[in-house]
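Chemist: pasting the sequence and the predicted coordinates here, then a few questions.
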Number of protein chains: 2
Amino acid sequence: MLDVRRLRLLRELDRRGTIAAVAEALAFTASAVSQQLGVLEREAGVPLLERSGRRVVLTPAGRILVTHADAVLERLELAVSQLAGAREGLGGPLQIGTFPSGGPAIVPATLAELARRHPALEPMVREIDSARVSDGLRAGELDVALVHDYDFVPASPDTTVDQVPLLEEPMYLATGRTADSTPATGPAAPGGTLAELLGPWATSPWITAREGTTGHAMAVRACQAAGFQPRIRHQVNDFRTVLALAAIGQGAGFVPEMTTEHAPEGVALTRLPLFRRSKVAFRAGGGTHPAIAAFVAAARTAVQGLGNR
Amino acid sequence: MLDVRRLRLLRELDRRGTIAAVAEALAFTASAVSQQLGVLEREAGVPLLERSGRRVVLTPAGRILVTHADAVLERLELAVSQLAGAREGLGGPLQIGTFPSGGPAIVPATLAELARRHPALEPMVREIDSARVSDGLRAGELDVALVHDYDFVPASPDTTVDQVPLLEEPMYLATGRTADSTPATGPAAPGGTLAELLGPWATSPWITAREGTTGHAMAVRACQAAGFQPRIRHQVNDFRTVLALAAIGQGAGFVPEMTTEHAPEGVALTRLPLFRRSKVAFRAGGGTHPAIAAFVAAARTAVQGLGNR
DNA sequence: CGTATGCGTAAGATCAACTTATGCTTGATG
DNA sequence: CATCAAGCATAAGTTGATCTTACGCATACG
């Protein structure tokens, strides 16, 4: 019978690319991983990986085996979720990941709600780059994570992670009131098309999230969709900083509705036909785990509360 | 992560009822099984089994976990099948189970065909009671098995075993020509209803398969469906013996079409609206294994050949 | 070209799993 | 009711698998 622990190593190798990375993620030495994969390969009777330069890559047979590993591990995840459901009372640590700068609004409210309902639960929050959420979940460093996706930035399909939607909020264009072209319109201005709304700022400097983030990609592609290439001056992830910079006329930027509440003086906000979706992500098969379900429920009511304020 | 080896033990415990039986089937000591199940239970955090007299029974949580174990093991079986498919060439041992007395006709023809197509394959045949086929497959003593089912005898649904149909043949009523009521009609006589055909033999002694077999159950229920309780005189599994006994006027019995070919003198055969279905069984998920597929294909052509003789 | 990275093998250490030995409870039997 | 066998669980010891350490080799990178 194939050993599932070894299949897990193969799966991580497929995701992370090198044996060393797998070893690091799962707290082994590279040697141990190499040996175990060797055993797996011998048991399989088919070459599963071959060297390519100083790395290894999976053979077609290896990649097929990974799909089975995914299925098996998902089912095991489902099993532990059911077991946790059978155990009455909800307690123990819950590792929560959150996008950087997503913290201030949603996370505290969610944790407060969660603590009220399940005092025995020990939530542990850690900021994590959205690109690394999937790895963190698979490695067991994370149990749930708050993630985003934007229009124009397709979410990469990942069968090892399930997601449930939490919140869909419009994005706003933040600009300085002193700017030349359009006068301040105030929040919730009735919009035109994206091109009409962004067009006047085509030559303005822009403030976007840091390169390599989905927020950055969203900004660039939204501007491209409006027919121009943004001239990026500032790269800042924190939306309050974006608002502050926009307020003093340093450029135009995108901010989600949630952060417009305490916008500084002098910033003009224009609602865009462009949305950010917040979601809760967890390991595939883990959706029925009571702690996960509780977190999702708490996050939902927390988000409700934020919306009504 | 739950250990699949331990889940397998739990599954076998569910099927076999006692830890001792599990240990015997999987070539462990009872102590080892007990310890491993203890570890599994501790990891699960929920009671999985409880003592009942001097045995143990699964708790509801334990039974749920078994369904997950079934799913996981099926997927692993599928994975090894695919791996075997990726490995070119077909060889190695193939453990074949066959119903007792099913041997003489189908098995040799199938093996001949199989050897012709895949000389490297080493088929190993062993007779096995149909009730134990499922256990044998799960324990790995068997890879494929020829099994039957009859009308009136519902096949017990078993998610751990897959079956593909091989042959459907009518049953015949075998009686002596010297008998009082109906004259000999010869093979392939056009039938009436089951009650019409069996009715005349309601008071005759009967020859059935041994008690506890599906053949026996089929005979009893067919007679009951015809409106009488058979008076069973002989219990014999071998159909040629059944025919011989019927020929000398020792009673009426059921035989499948395949065995009617060399029927002795003095036996009258009446085709019945009653069928026996032969199937090939294998572990769930193993249907794509090349050796299994090859066996099924060989059995199919072998059966064709028998039919045309 | 030196240097760092990544993989693999060999040898020793560590830990999990299995067996043997033993005791307890339960159900069957005379 | 006494006796016995079946079945399970625990303790202690052994074995085997798995992991780490140490090292060599090939490859990319500055």
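Modeler: Noted; the coordinates are in hand.
Chemist: all helices for chain A, in order.
Modeler: A:4-16, A:19-26, A:30-44, A:60-86, A:103-117, A:133-139, A:194-198, A:214-225, A:239-247, A:290-308 (DSSP state H).
Chemist: any chance of these in a markdown table, plus mean neighbour count?
Modeler: Quick note: C-beta positions are derived from backbone N, CA and C, even for glycine. As requested, the helices of chain A are exported to a markdown table (neighbours: other CB atoms under 10 Å in any protein chain shown):
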| stretch | mean neighbour count |
| --- | --- |
| helix A:4-16 | 21 |
| helix A:19-26 | 19 |
| helix A:30-44 | 16 |
| helix A:60-86 | 20 |
| helix A:103-117 | 17 |
| helix A:133-139 | 21 |
| helix A:194-198 | 17 |
| helix A:214-225 | 20 |
| helix A:239-247 | 21 |
| helix A:290-308 | 18 |
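Chemist: which positions in chain A make contact with chain B?
Modeler: A:1-5, A:7-8, A:44-46, A:60-61, A:64-65, A:68-69, A:71-73, A:75-76, A:78-80, A:82-84, A:86-87 (CB under 8 Å from any CB of the partner chain).
Chemist: these: which ones sit near DNA strand D?
Modeler: Of the entries in the residues of chain A next to chain B, the ones placed beside DNA strand D under the rule of CB under 7 Å from any atom of the strand are A:3, A:5.
Chemist: spatially nearest residue to A:Arg11 (excluding sequence neighbours)?
Modeler: In space, not counting the residues next to it along the chain, A:Arg11 is nearest to A:Ala69; the distance is 4.4 Å by CB to CB, 6 or more residues apart in numbering or on different chains.
Chemist: make TSV from the helices of chain A and add mean pLDDT and distance to DNA strand C to it.
Modeler: Rendered in TSV, the data for the helices of chain A read as follows (pLDDT from 0 to 100; distance: least, CB to the nearest atom of the strand, whole Å):
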stretch	mean pLDDT	distance to DNA strand C
helix A:4-16	97	8
helix A:19-26	96	3
helix A:30-44	97	4
helix A:60-86	97	12
helix A:103-117	87	31
helix A:133-139	94	15
helix A:194-198	91	41
helix A:214-225	92	25
helix A:239-247	90	33
helix A:290-308	89	25
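Chemist: out of those helices, which comes closest to B:Arg276?
Modeler: In terms of CB to CB, the element of those nearest to B:Arg276 is helix A:60-86, at 36.5 Å.
Chemist: which strands and helices sit next to that closest one?
Modeler: In this structure, helix A:60-86 packs against helix A:4-16, helix A:290-308, helix B:4-16, helix B:60-86, with contacts taken as 3 or more CB pairs under 8 Å, 6 or more residues apart in numbering or on different chains; DSSP states H and E.
Chemist: tabulate these (a markdown table), appending distance to B:Gln95.
Modeler: Converted to a markdown table, these look like this (distance: least, CB to CB, whole Å):
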| stretch | distance to B:Gln95 |
| --- | --- |
| helix A:4-16 | 24 |
| helix A:290-308 | 43 |
| helix B:4-16 | 18 |
| helix B:60-86 | 14 |
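Chemist: A:Phe239: which of those is closest?
Modeler: When the helices and strands packed on helix A:60-86 are compared by CB to CB, helix A:290-308 sits nearest A:Phe239, at 14.5 Å.
Chemist: check the stretch 201-309 of chain A for the residue nearest DNA strand D and tell me.
Modeler: Of the residues in the stretch 201-309 of chain A, the one nearest DNA strand D is A:Gly212, at a distance of 18.0 Å by CB to the nearest atom of the strand.
Chemist: could you pull up phi and psi at that residue?
Modeler: For A:Gly212, the backbone dihedrals (degrees, to the nearest 10) come out as phi 90, psi -10.
Chemist: spatially nearest residue to it, not counting backbone neighbours?
Modeler: Nearest in space to A:Gly212, with sequence neighbours left out and distances taken as CB to CB, 6+ apart, is A:Ala131 at 7.8 Å.
Chemist: residues near that neighbour, how many?
Modeler: By other CB atoms under 10 Å in any protein chain shown, 12 other residues sit near A:Ala131.
Chemist: pretty sure A:Thr160 sits against A:Arg283.
Modeler: Yes: with contact defined as CB atoms under 8 Å, A:Thr160 reaches A:Arg283; the gap is 6.8 Å.
Chemist: now do the shared contacts for those two.
Modeler: A:74, A:137-138 (CB atoms under 8 Å, 6 or more residues apart in numbering or on different chains).
Chemist: domains for chain A, by residue range?
Modeler: Domain ranges of chain A: A:4-84, A:90-147+A:278-308, A:168-276, per automatic domain parsing.
Chemist: adding distance to B:Ala226, write the ones you listed out as CSV.
Modeler: Rendered in CSV, the data for the domains of chain A read as follows (distance: least, CB to CB, whole Å):
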stretch, distance to B:Ala226
domain A:4-84, 48
domain A:90-147+A:278-308, 51
domain A:168-276, 68
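Chemist: coming back round to it: among the shared contacts of A:Thr160 and A:Arg283, which one sits closest to DNA strand D?
Modeler: Taking CB to the nearest atom of the strand as the measure, DNA strand D lies nearest A:Arg138 of those, at 16.7 Å.
Chemist: skipping its backbone neighbours, what lies nearest the closest one in space?
Modeler: The shortest distance from A:Arg138 to any non-neighbouring residue, by CB to CB, 6+ apart, is to A:Thr160 (5.7 Å).
Chemist: excluding its backbone neighbours, what's nearest A:Thr259?
Modeler: Leaving aside its sequence neighbours, A:Thr259 is closest to A:Phe239 (4.0 Å, by CB to CB, 6+ apart).
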